[in-house]
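>>> Dropping the sequence and predicted coords here.
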Amino acid sequence: MTEIPSAQQPRSVSLGGRIVLATLGFCLLFTLVVVGLRTWSAWQSSLAVMSGELKLIAQVYERTLSKSIWEMDRESMQTHIASVVNVPSVGQVVVTLQSANRVPEVFRRTREGWQMSQLAPTLQTQLDYEVFPGTKETVGTFALYGDERVLWTRLRAEIANIVITQVAQSLLLAGLIMLLFSRLVTVHVRRIAQHLGQLTPSNLRQLLALDRPPSRQDELSQLVTGVNQLQSNLSDYLERQQRDEKELVAHRDHLADLVRERTTELENTNTRLEDANALLDGLARTDPLTGLANRRHFDEIKQIEFRRALRTGQPLSLLVCDIDFFKRYNDRYGHAAGDQCLRAVAEAMQTTCSRAGDLVARIGGEEFAILLPGIDAAHGAELAAHLCQAVAALAIPHQDSEAAAHVTISVGLAQLDAAQVERFDTLFDQADKALYQAKSQGRNQVVVHSPAAIALQSDTGSNHG
Ligand SMILES: Nc1nc2c(ncn2[C@@H]2O[C@H](COP(=O)(O)OP(=O)(O)OP(=O)(O)O)[C@@H](O)[C@H]2O)c(=O)[nH]1
């Protein structure tokens, strides 16, 4: 799960807190507007009250003042004017006496600190005295000026009242909204957040339920339905995925088994083929009668050893052997006996030249070639002599041989002279010539090729050149 680093996380402000702040802001604005309206209204009603008061004062004092003026009772008039100006809402009282023959006389009484104002109401009324019933005489005018300070004092008291009630009202409203929002929304949103935070693939089947009447259908119930639907879909999807994964694993295992079986089969087949190939290869390189290497094998090895000797400078000797008077042997003892003789001679040769690297091959009817890597002519000649002795030791009777009473062989030997010989065939010719020489010298002997054409006589009693 990817977590947002704390440094990048925005500062957490609860939804309820935002609602409260918004409500308080709205209430403040509302309070300002209402306070303004109510203040204007209070001012208007204050003006109306003061006008009413002035009117009432005028009604109360009109008759007594008219009487005092008519009766010329100045003292009483002054007393009345003084008592009028003592009424709190009155700032100034002006009484003007009218007389037909005289200049109007003005009596003015002003409250201390009062100033003429355009805002405070003013009331001017005519003073009439009823001399006789039904006969009225105008004696003067009576002007009352309201005191603006009283208006402001009253307004201040009213404003305080308005502000206190309005603020209390707004605070109560904000508190109520916060409480309702918390109970109806915030607590459930927290529950949903907690539920989502605890969700794991293993508890997707545990559905979300809010602690409130199920009959309540609103945005929260839609959210709960959506969350549960999402969980259900996710759970189904995960189950399908797990099932598919299991099937996939089973298929994979089955496929692996098949591949293993097939591989084993192929390996067995390959092993059998390799064995068969090795067998065929062996057969292709083996002389079926004697079990020695055949001509083909000899031709392969001779090139390898020839090149190795040229490269390393190690000596390489070649023996070419031939059974003496073998035609006569066949003629006297029969072909099967001839085969038996060939097998016995071959075994004797193989036993004598059994050093690693020696190669004994049957290269013709009764002709054999022996490759002796690392062996020089002197050592090779000794080995050839041992060969002749080994064949003689077989004591195979040969009545028609002119060389001995038993089967004998003649051997031609040549050592590779790397300075002179460039092809193996040359070495073979040299050994073959030495063999020819051994034959012509009476057989049953070893002849080593050399310019002097040395012939050695074997221990069998025959001559060696
Ligand atoms: N039994 C048998 N005889 C074979 C085989 N291969 C060749 N021969 C015989 O070997 C004889 C070789 O005779 P020649 O080449 O005249 O030589 P040789 O009689 O040994 O006389 P020299 O070599 O001069 O001593 C032939 O009679 C072939 O038939 C074989 O596999 N089995």
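Cool, got the structure.

>>> burial measure for the closest residue to the ligand within the stretch 201-350 of the chain, as a count.
Here the residue of the stretch 201-350 of the chain nearest the ligand is Gly338; by C-beta to the nearest ligand atom that distance is 2.5 Å. No exception for glycine: its C-beta is placed from N, CA and C like everyone else's. Per other C-beta atoms under 10 Å, the neighbour tally for Gly338 reads 19.

>>> Kindly report the same for Asp211.
Neighbour count for Asp211, taken as other C-beta under 10 Å: 7.

>>> Likewise for the one 4 residues further on?
Here the number of neighbours of Ser215 (other C-beta under 10 Å) works out to 6.

>>> Now do the same for it: helix, strand or coil?
On the three-state scheme (DSSP: H, G, I helix; E, B strand; the rest coil), Ser215 is labelled coil.

>>> Also Gln229?
helix.

>>> ok, how many other residues are close to it?
11.

>>> what's the answer for the one 10 residues further on, then?
Here the neighbour count serves as a burial measure; for Glu239 (other C-beta under 10 Å) it reads 13.

>>> what mean pLDDT would you report for whatever helix or strand it lives in?
Glu239 belongs to helix 219-284 when assigned by DSSP states H and E. Average pLDDT, helix 219-284: 89.

>>> can you list contacts of the helix or strand following it?
Sequence-wise, the next helix or strand downstream of helix 219-284 (DSSP H and E) is helix 295-312. Here helix 295-312 makes contact (C-beta atoms under 8 Å, 6 or more residues apart in numbering) with 284-286, 293, 314-316, 357, 359, 361-364, 369, 371, 373, 416, 418, 424, 427-428.

>>> try it again with 6 Å
Helix 295-312 is contacted from outside by Arg285, Leu316, Leu359, Ala361, Ile363, Ala369, Leu371, Pro373, Leu416, Ala418, Phe424, using C-beta atoms under 6 Å, 6 or more residues apart in numbering.

>>> can you give me the helices in the protein?
With helices called from DSSP state H, the chain shows them at 15-70, 74-85, 148-181, 187-197, 219-284, 295-312, 326-333, 335-352, 377-394, 424-440.

>>> Enumerate the residues of this protein near the ligand.
Residues of the chain found near the ligand (C-beta under 6 Å from any ligand atom) are 289, 322-328, 330, 335, 338-339, 342, 365-366, 439, 443.

>>> Those, buried ones only, as a ChimeraX selection?
Of the residues of the chain next to the ligand, the buried ones go into a single ChimeraX selection, burial set by 16 or more other C-beta atoms under 10 Å:
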select :322,323,324,325,326,330,338,342,366,439,443
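
>>> And the closest residue in space to Gly338 that isn't next to it in sequence, how far from Arg308?
The shortest distance from Gly338 to any non-neighbouring residue, by C-beta to C-beta, 6 or more residues apart in numbering, is to Asn330 (4.2 Å). Asn330 is 38 Å from Arg308, where distance means C-beta to C-beta, to the nearest Å.

>>> Over to His251?
From His251 across to Arg308, the span is 56 Å (C-beta to C-beta).

>>> With Leu316 instead?
Distance of Leu316 to Arg308, given as C-beta to C-beta: 8 Å.

>>> Show me this structure divided up by domain.
Per automatic domain parsing, the structural domains of the chain span 15-171, 218-284, 295-456.

>>> deepest of the ones you listed, which one?
domain 295-456 (a mean of 19; mean count of other C-beta atoms under 10 Å).

>>> How about the contacts made by Cys353?
Taking C-beta under 6 Å, 6+ apart, one finds Val360, Ile370 in contact with Cys353.

>>> Provide the backbone phi and psi angles at Asp358.
phi -70, psi 140 (degrees, to the nearest 10).

>>> now swap in Leu119 and tell me
Here Leu119 shows phi and psi, under degrees, to the nearest 10, equal to phi -80, psi -40.

>>> how much space between the nearest residue to it once chain neighbours are set aside and Leu123?
Leaving aside its chain neighbours, Leu119 sits nearest to Glu148 (5.3 Å; criterion: C-beta to C-beta, 6+ apart). Glu148 sits 15 Å away from Leu123, going by C-beta to C-beta.

>>> swap in Leu173?
Computed as C-beta to C-beta, the Leu173 to Leu123 distance reads 43 Å.

>>> Over to Gly91?
Gly91 is 12 Å from Leu123, by C-beta to C-beta.

>>> returning to what we had before: now that the residue of the stretch 201-350 of the chain closest to the ligand has come up, it's in contact with Arg332, right?
No. Assessed by C-beta atoms under 6 Å, Gly338 is found out of contact with Arg332, at 9.5 Å.

>>> who's in contact with Leu371?
Glu305, Leu359 are the contacts of Leu371 under C-beta under 6 Å, 6+ apart.

>>> Could you give the bridge partners of it?
Leu318, Leu359 (DSSP bridges).

>>> start at 48 instead
Yep, numbering from 48; the last one is Leu418 now.

>>> what about the residue in the stretch 98-247 of the chain positioned nearest to the ligand, how many neighbours?
At 88.5 Å from the ligand, Thr247 is the closest residue in the stretch 98-247 of the chain, using C-beta to the nearest ligand atom. Residues lying near Thr247 (other C-beta under 10 Å) number 8.

>>> one step back: so can I have a markdown table of the domains of the chain showing distance to Leu243?
What follows is the domains of the chain, written out as a markdown table (distance: least, C-beta to C-beta, whole Å):
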| stretch | distance to Leu243 |
| --- | --- |
| domain 62-218 | 16 |
| domain 265-331 | 7 |
| domain 342-503 | 81 |
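
>>> give me the low-pLDDT residue ranges for the stretch 98-247 of the chain?
Applying pLDDT under 70 to the stretch 98-247 of the chain flags no residue at all.

>>> circling back: identify, from the contacts of helix 342-359, the entry nearest to Asn275.
Arg332 (82.5 Å; C-beta to C-beta).

>>> wait, what's in contact with that closest one?
Per C-beta under 6 Å, 6+ apart, neighbours of Arg332: Arg343, His344.

>>> Could you rerun that using 8 Å?
Ala340, Asn341, Arg343, His344, Glu347.

>>> Over to Ile206?
Counting by C-beta under 8 Å, 6+ apart, Ile206 has contacts Val82, Thr86, Ala89.

>>> mind running it again at 6 Å?
Counted by C-beta under 6 Å, 6+ apart, Ile206 has contacts Thr86.

>>> how long is stretch 335-351 from one end to the other?
Terminal residues of stretch 335-351 lie 24 Å apart, using C-alpha to C-alpha, to the nearest Å.

>>> okay, among the contacts of helix 342-359, which ones form the most distant pair?
Longest span within the contacts of helix 342-359, C-beta to C-beta: Arg332 and Ala465, 27.3 Å.
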